[in-house]
Structure formats: C-alpha cells, structure tokens
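> Predicted model, plus sequence, below.
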Amino acid sequence: MVSSLRDRLGKGLPQPKKAPGSSNTRFLILGTAGIVLCMLGILMVFSASSVNDLETYDSAWHHIRRQVVWFLLGLSACIFLIRIDYHRLRSLSQVSVWISGGLLLLVFIPEIGIKVGGASRWIAVGPLTVQPSEIAKLAIILFSADLLSRKGQELSITKNPLKTVLLVTTGISALLVLEPDYGTTLIFLSIVGAIIIFAGTQMRKVMQLIGVGLFSAASVGMLASYRRERLFGLLNPWEDPQDLGWQTIQSGAAIANGGISGVGLGESRAKWGWLPEAHTDFIYAIISEEIGFIGSFLVIALYMIIGFTGLSTALKAPDVFGRLLAAGITLWIMSQAFVNIAAVLGLFPITGITLPFLSFGGNSLLWTLSAYGILLNIARQTA
C-alpha cells in the first residue's frame, strides 16, 4: 500500500537513483547524534540555570523540569513521525502554512501577543506560551517541498510553484521582520533557499534569489537602531563593555576560561550572573567553559555529522518530496546552529535564536524534534 501510494505521488517526477548503501546506517547515525545532543542539552541547561533558579524560584530545578517535559513531548512527536508514511504530510502542507501565518499575526494583538525586550514573538495559550515562528519553519518546509516536488503536474492552487513558494516566503518573512526577529528570518530564508536548490532550480536563478534575499534582509535589519548598535558592539565590544559589548565580552571570557578540558561540570563562573541568557542563547559558552574545547568541538562535530548525513539522506531519498523535506530540515538545524555558535564566538550579531537540541526552550525543542522525526523517517527509507 505504501509503495503504491509512493508510486502515485511520484508519477511524472524525476526520481533519484538508488545506490548501494545502508539506510539503517544513516538512521542510526542521525538518531545517535540527536540523542547525544539532547542528553547533553538537558545536563547543560540544568548546570546553566540552577544558580539563577535557586535565587529566583528557591529551587534549582525550575527550568530543567520544564525542559525534560518538553523533551519527552518532542521525543513522542519524533517517534510518531518516524513511524508514519511521510507522504501523508502532503495533506498538511497548505493548512500548516496558513495556520502559522495566522499565529504570526496574533503576536501583534496586545491581549494575545507577549512582548519581551521590545519584540513580540510569543502568544499566550492559557498557562503556555507559543512561538509561532518555530511552527512556521516546519510549515514552510512542508509547503515548499510539496509544491516544488509536483513540478510538471497539474496543480489546483498555482501554475507556477516557485513563484508561489517565494510569495508565501516573502509574506511570512515580512511578519518575522515586524516582530522583529531577524535571526529567525535569516534561518527561514536559508531553509527555503536549500529547498529551491535541491528542487533543481537553475543556479543562475538561485544566485539571483539569494542575492536579493540577503540584500533585503541586511537593508531591513540595519534600519533598526538597536540592530545597528548590536553590529557596532560586535565589531568593537570594548568601546561599550558595560552595555553593548557585555555579552560578547563575557561569552569570550567563559570560553577562554574553559581552556582545553574545561573547569568541570557545574563549575562555570559565567552563570553566576555574568552572562545573561546562559541557559538559552549562550548555552554554547557554558559548554565551552565547563567541558572546554573538547566539549565544544564535540558539539560542532555532532552538528557536522547531522549536516553531512542529513544531506546524504536528501540525495538518496526515495522521491523528490522526501529529498526536499530532508534538505530543508537539515539546513534548518545547520543554519540555526551556525548562527547561534557564531554569535557566541563574537563572529555574528546576537540574534536571540536557540542552539538546536541544546538550549532551553520548549517551543524550539518540540518543533525541532518533530522535524527531526521526519528526517529520521526519510533516512530509514533511503537506499
């Protein structure tokens, strides 16, 4: 039944050639790398948040309890998405992008949206907070992969799938910029760019789109005064070490303090109020301080393994839809990890995005693990 469904969905589409190899190997590599990162994340979130939690909530377990709950929810979603036929996700491609767009609009309604640090990125749902941008990442992957894998087929919603994908991407990106959330906008554009490339779009057209996207993002980003200040703070943090340069300086100090082997688990100095957002945006600095270069290199190595194996999975996927899904999810994880780590190292402006699998953040962990389940599903079926 699954094979017949796959044949019907893939009819008329160019199919990747199957080559000798082990699908179980890719599945095991991706699964192991993801689990190791999640376990390390739980350990380091507890270490990075315990001091502040003890002072603020009179309990060192406040953040870690929530992180474990979200991990278990995300793991459940991951396992569910591994086991289903991923072609069934096509039916969610259009509705998911409309829902995510609607949720992004809700963040601007005062009674519903939650504003933190001048940015409206969350909505309140009872006792929970939802970050629509995390949902939008997976939604645009499903939407783009569905449309671009059907090139050459008769579509009811559009005669030009690429233009439709670009139009929807532009609309959602505009909402992200208005929040403002430039970091997620950059990740969002990277995801769509990867899917367009893997869909076989002419490279000349791809380079034009990338150029326009980067120029637009940079231009809009520099319009905000605080964004310009962050950039100047990055270029010369010691010009304003008590304000704009504080996080960059303290992050660098934590990494330097860790040396080769680290100061030991739980022994970070930076988490004692020196480094803001130690358990979220700057978890990599705490890892570098407590486990040293060895630990920080391990993290990068695991992301590289996910990147290479994920792209290999995309190239060997059973059909074009699977190829585009795998490419989009892999570039989501890789681009987000790159931007976060580069910001911690002082090589990129601080954007406020999390480090996949490692940072504290229920929305991020839940939706990243959900997407990872789809990637593992495809890896299990590759040649």
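Ah, there it is. Bear in mind the structure is a predicted one, so any value in this text is a computation, not a measurement. Residues are numbered from 1 along each chain as shown.
> Only alpha carbons, please: show stretch 135-144 as CSV.
Backbone C-alpha positions of stretch 135-144 (Å, rounded to 0.1, in the frame of the first residue of the first chain) are rendered in CSV as follows:
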residue,chain,number,x,y,z
ILE,A,135,5.8,26.3,13.7
ALA,A,136,6.4,28.5,10.6
LYS,A,137,9.8,26.8,9.9
LEU,A,138,8.3,23.4,9.6
ALA,A,139,5.2,24.7,7.8
ILE,A,140,7.3,26.3,5.1
ILE,A,141,9.3,23.2,4.6
LEU,A,142,6.2,21.1,4.1
PHE,A,143,4.6,23.7,1.8
SER,A,144,7.7,24.3,-0.3
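> who's in contact with it?
The contact list for stretch 135-144 (C-beta atoms under 8 Å, 6 or more residues apart in numbering) reads 89-90, 92-94, 96-97, 99-101, 103-104, 165, 168-169, 172, 176, 184, 187-188, 191-192, 195-196, 324-325, 328-329, 332, 367, 370-371. Every C-beta, even on glycine, is put in place using the N, C-alpha and C of the backbone.
> how does it look with 7 Å?
For stretch 135-144, the surrounding residues in contact (C-beta atoms under 7 Å, 6 or more residues apart in numbering) are 89, 92-94, 96-97, 100, 103-104, 165, 168-169, 172, 187-188, 191-192, 195, 324-325, 328-329, 332, 367, 370-371.
> Tell me how far it lies from the chain's centre.
Taking the mean of its C-alpha atoms, stretch 135-144 sits 12 Å from the chain's own mean (C-alpha atoms, centre = their mean, to the nearest Å).
> Likewise for stretch 140-154?
On the basis of C-alpha atoms, centre = their mean, stretch 140-154 sits 21 Å off its chain's mean C-alpha point.
> Report the buried residues of that stretch.
140-151 (16 or more other C-beta atoms under 10 Å).
> same check, this time on stretch 61-72
Using 16+ other C-beta under 10 Å as the test for burial, stretch 61-72 gives 62-64, 67, 70-71.
> now swap in stretch 102-120 and tell me
103-104, 106-107, 113, 120.
> With stretch 76-93 instead?
77-78, 81-82, 86-87, 89-90, 93.
> Tell me the one of those nearest R269?
Among those, C78 lies closest to R269 (C-beta to C-beta), at 35.1 Å.
> Narrow the contacts of stretch 135-144 to just the buried residues.
Buried among the contacts of stretch 135-144 by 16+ other C-beta under 10 Å: 89, 93-94, 96-97, 100, 103-104, 165, 168-169, 172, 187-188, 191-192, 195, 324-325, 328-329, 332, 367, 370-371.
> Give me the buried positions along stretch 338-345.
For stretch 338-345, by 16+ other C-beta under 10 Å, it's 338-341, 343-345.
> Nearest to C38, out of those: which one, please.
Closest to C38, out of all of the buried residues of stretch 338-345 and judged by C-beta to C-beta, is N340, at 15.9 Å.
> check which helix or strand covers the closest one.
Element membership for N340, per DSSP states H and E: helix 320-344.
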